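**Student:** Predicted model and sequence below, questions to follow.
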Amino acid sequence: MSVRIVTDSTADFPGSRPPGDVTVLPLRVHFGAEELRDRVDCTDEEFVQRLIASPEFPRTSVPPPGEFADAYRRLLRDPEDAVVSIHIAEALSGTCQSARTAAQMVDPHRIHVVDSRTVTMGLGFLVLDALEAAGRGQSAARIAAAIPERRSRTGVVCLLDTLRYLEKGGRFGRIQALLGGILSIKQLAAIGRDGVMEPIGRARSRGGGRARLLEVVRARGPITRLGVIHVASPEAAAGLRDELAREHPGLAIGIGHASPVIASHAGPGALGVGFVGSPEGG
């Protein structure tokens, strides 16, 4: 019996690359009539350059159910095989629904689709937890059932260099975006418990914003996983990683670039932290 782990391309991992045992289905990014598969048809860096240069804001879409179904059939090679399919927050995307439709088409008893209620490195950490549990021989049902408790300890907080891209994508109001641009205010946001991005504060500089990111992580108590996410800001990400490492000695802290789908909303210069609190942290 094998338990296979599936996720989507909005999952980010320390070091950027997903483990080889994880199947990743790409979301789509559309520039007009042109469709690009997230992290397949262009690199993260190539996408950011196009995002900056393009006069139009890209649209995003989910993998079709047929693509999920094909992947599930490939993974369910033996009668005892099962799948745990963990995806971007349903409040942000229709990816989970597409996966559920495919599960019904293939084998709903052996495919467990889970709404992560998070995204980027928060989603990546849940995928890593599931992969490790599968390696210990846990059943798919048990792995899926444990995710709600783990996601309650998982957080993503980010510092946005500009609100332009969130405003274009309809995530923040135009007035708030305009105000942030005029005053050079840096918006802080976090993924809430329901998977929705929520404003949690503002800073007048990137330095102040980074300090606030550290405060948010510090307030979560003992941490078991940490990672830094960025959009075209490798030097800032390395600096933030070093600051986190001083506060969390002995904890491996990787850096990942946000996927094109996430970068299209967060915008160039975005900086974030994904973390998982200890079960004993309260």
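**Tutor:** Right, received. Where do you want to start?
**Student:** who touches stretch 188-206?
**Tutor:** 89-92, 115-119, 122, 152, 155-161, 171-172, 180, 183-187, 209, 211-213, 216, 236, 271 (Cβ atoms under 8 Å, 6 or more residues apart in numbering). Glycine gets a C-beta too; all of them are placed from N, C-alpha and C.
**Student:** Quick one: mean pLDDT for that stretch?
**Tutor:** Summarised as a single mean, pLDDT over stretch 188-206 is 82.
**Student:** and that stretch, how far out from the chain's middle?
**Tutor:** Centroid separation for stretch 188-206 versus its chain: 15 Å, with Cα atoms, centre = their mean, to the nearest Å.
**Student:** how far does it stretch from start to finish?
**Tutor:** 10 Å (Cα to Cα, to the nearest Å).
**Student:** buried ones in it?
**Tutor:** For stretch 188-206, the neighbour count (16 or more other Cβ atoms under 10 Å) marks 188, 189, 190, 191, 195, 197, 201, 202, 203, 206 as buried.
**Student:** how much space between the fourth one and residue 275?
**Tutor:** This means residue 191. As judged by Cβ to Cβ, to the nearest Å, residue 191 and residue 275 stand 11 Å apart.
**Student:** between those two, what contacts are shared?
**Tutor:** By Cβ under 8 Å, 6+ apart, the residues touching both residue 191 and residue 275 are 155, 156.
**Student:** pLDDT weak spots in the stretch 1-150 of the chain?
**Tutor:** 16 (pLDDT under 70).
**Student:** from what I can see residue 102 touches residue 73, true?
**Tutor:** No: between residue 102 and residue 73 there is no contact, the gap being 9.4 Å when judged by Cβ atoms under 8 Å.
**Student:** With neighbour numbers in mind, choose between those two.
**Tutor:** residue 102 (26 against 13; other Cβ atoms under 10 Å).
**Student:** Put the alpha carbons of the particular helix or strand that has residue 114 in it into CSV.
**Tutor:** In this structure, residue 114 is located in strand 111-115 according to DSSP states H and E. Only the C-alpha atoms of strand 111-115 are listed here, as CSV (Å, rounded to 0.1, in the frame of the first residue of the first chain):
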residue,chain,number,x,y,z
ILE,A,111,-8.9,10.0,-2.7
HIS,A,112,-9.0,12.5,0.2
VAL,A,113,-9.2,16.1,-0.9
VAL,A,114,-8.3,18.7,1.8
ASP,A,115,-8.7,22.4,1.8
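**Student:** For that strand, which strands pair with it and how are they oriented?
**Tutor:** Strand 111-115 pairs in its sheet with strand 82-87 (parallel), by DSSP bridges.
**Student:** Kindly export the partner strand (C-alpha atoms) in PDB.
**Tutor:** Taking Å, rounded to 0.1, in the frame of the first residue of the first chain, the C-alpha atoms of strand 82-87 are listed here in PDB:
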ATOM      1  CA  ALA A  82      -4.600   6.000  -1.800                       C
ATOM      2  CA  VAL A  83      -4.200   9.700  -2.400                       C
ATOM      3  CA  VAL A  84      -4.200  12.800  -0.100                       C
ATOM      4  CA  SER A  85      -4.700  15.900  -2.200                       C
ATOM      5  CA  ILE A  86      -4.000  19.200  -0.400                       C
ATOM      6  CA  HIS A  87      -4.600  22.500  -2.000                       C
END
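**Student:** got a list of what residue 256 touches?
**Tutor:** 12, 13, 14, 15, 16, 120, 121, 124, 227, 228, 229, 230.
**Student:** For those, I'd like a selection string for PyMOL - just the buried members, please.
**Tutor:** Here is the PyMOL selection string for the buried members of the contacts of residue 256, based on 16+ other Cβ under 10 Å:
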select buried, resi 12+13+14+16+120+121+124+227+228+229+230
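**Student:** can you list contacts of stretch 146-157?
**Tutor:** By Cβ under 8 Å, 6+ apart, stretch 146-157 touches 86, 114, 116-122, 125-126, 129-130, 133, 188-191, 193, 200, 213, 216-217, 220, 229, 272-279, 281.
**Student:** Having no further points to raise, I will conclude here.
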